[in-house]
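Asks: Sequence first, predicted coordinates after that:
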Amino acid sequence: MFLINPLTNDVIFGTVPALKRKDLNTEEGHIHLLLGQHTGPNRGYGAVHIWAEHQKELTQKGWTTLEEVPRFVAHVLQPKVNLHFEGGNYRKTRINTIRLGAGNCILEYYLTPNPHWRVVTAYVGRSGKGILVGTLK
């Protein structure tokens, strides 16, 4: 289930441009946040996983309920936010978004039913890693 971006009242949280490098080849795609699931430490995806893993730090910054996770993600995923790529994985293509002073999101690429990105997790107060490969549209 895709969650609604409270800033736009749409299921789109941003757009990642096509990324073309020797070790990274993706089409342009919208970003979606799912309700998701949390199955253990560092295991899961979406709003439920974000809340389970990062509730303490989110609460300290004023995001106090699971229902506020979409607003936090929308706060991080603003146009021109830097996109970083840590390296390839045969099963998954992931990038980090880094918005200094706001937080980071880890996005995973999906080809079906059409090219798009999903939020795996999001957190505050840490820097991301990887090579700069672009910015959000």
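Replies: Perfect, I can see it now.

Asks: Can you tell me the SS state at Ala47?
Replies: Three-state call for Ala47 (DSSP: H, G, I helix; E, B strand; the rest coil): helix.

Asks: What is the neighbour count of it?
Replies: 25 (other CB atoms under 10 Å). Heads up, the C-betas are built off the backbone N, CA and C, glycines and all.

Asks: so it makes contact with Leu33?
Replies: Yes - using CB atoms under 8 Å, Ala47 makes contact with Leu33 at a distance of 6.1 Å.

Asks: what touches both of the two?
Replies: Residues within reach of Ala47 and of Leu33 at once, by CB atoms under 8 Å, 6 or more residues apart in numbering, are Leu3, Val69, Pro70, Val73.

Asks: Helices - which of these land there?
Replies: Those of the shared contacts of Ala47 and Leu33 mapping onto helices are Val69, Pro70, Val73, per DSSP state H.

Asks: So in terms of bridging, what pairs with the residue found closest to His116 once you drop the neighbours it is linked to in the chain?
Replies: Excluding the flanking residues, the one nearest His116 by CB to CB, 6 or more residues apart in numbering is Gly29, at 4.2 Å. In this structure, Gly29 bridges to Val16 when assessed by DSSP bridges.

Asks: Tell me who's in contact with Gly29.
Replies: Thr15, Val16, Tyr109, Tyr110, Asn114, Pro115, His116, Trp117.

Asks: Report how many residues lie close to the nearest residue to Lys92 once chain neighbours are set aside.
Replies: Nearest residue to Lys92, sequence neighbours excluded (CB to CB, 6+ apart): Glu108, at 5.7 Å. By other CB under 10 Å, 16 other residues sit near Glu108.

Asks: partner strands of the helix or strand where Glu108 lies, parallel or antiparallel?
Replies: Per DSSP states H and E: Glu108 is located in strand 103-110. Its sheet considered, strand 103-110 pairs with strand 94-99 (antiparallel), strand 116-123 (antiparallel) by DSSP bridges.
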